[in-house]
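Asker: following is a predicted model, sequence given first.
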Amino acid sequence: MVTNHAEVQIRPAAQADLEQLTALYNHYILGTHITFDTVAFTPEQRQPWLAAHHGHGPHRLFVAQERGRVLGYASSDPFRPKPAYRTSVETTVYCAPDAGGRGVGTLLYKTLFEAIADQDLHRAYAGIALPNEASVRLHTRFGFRQCGLYTESGRKFGRYWDVARFEKELG
């Protein structure tokens, strides 16, 4: 599945994207509270994550690319490791800082949810470290609703952060 929008192409992630995907995620690790990882990854450390996403099934990974540069990615991952959770996924989207406000996250999520629409899935979940109004707006636009709030659940940069939990009905 490949989607084109002006010069931005949305396509399944490939091995060749690993370095750019890692650098994008490391930006959020080192400079923001958006993820609760605190130490940057090497591409080799992110290889199992990339390999866990196939071109089929419920666990997918799509990239937004423009002129060879990865602008962002969206993924659906296992929600929890226990077997009864197999009809649930956790979704996430990350965009390069200079790609915000261009609709890249929307294109990524649109492609992701179209790709998993025929899977045996019942719910999608997302966790949003607050504040993050752009992510809250994106998830709400895609039919997610807030279903919980973990207060002060993560400590990063010397302070505690809340995480809003969102869910979306899939089937």
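Answerer: Noted; the coordinates are in hand.

Asker: where is the longest helix in the chain?
Answerer: helix 18-31 (DSSP state H).

Asker: and the helix or strand following that one, what does it pack against?
Answerer: Moving toward the C-terminus from helix 18-31, the next helix or strand (DSSP states H and E) is helix 43-51. Helix 43-51 makes packing contacts with helix 18-31 when contacts are defined by 3 or more C-beta pairs under 8 Å, 6 or more residues apart in numbering; DSSP states H and E. Where you see a C-beta, it was placed from the backbone N, CA and C, and this is true even at glycine.

Asker: just to revisit the earlier point, can you point out the buried residues in the longest helix of the chain?
Answerer: Judged by neighbour count using 16 or more other C-beta atoms under 10 Å, the buried positions of helix 18-31 are 18, 20-22, 24-29.

Asker: and what of stretch 117-126?
Answerer: 119, 121, 123-126.

Asker: low-confidence ranges, this structure, go.
Answerer: Scanning the chain with the threshold set as pLDDT under 70 gives 1-6.

Asker: 50 instead, please
Answerer: Judged against pLDDT under 50, the chain has no low-scoring part.
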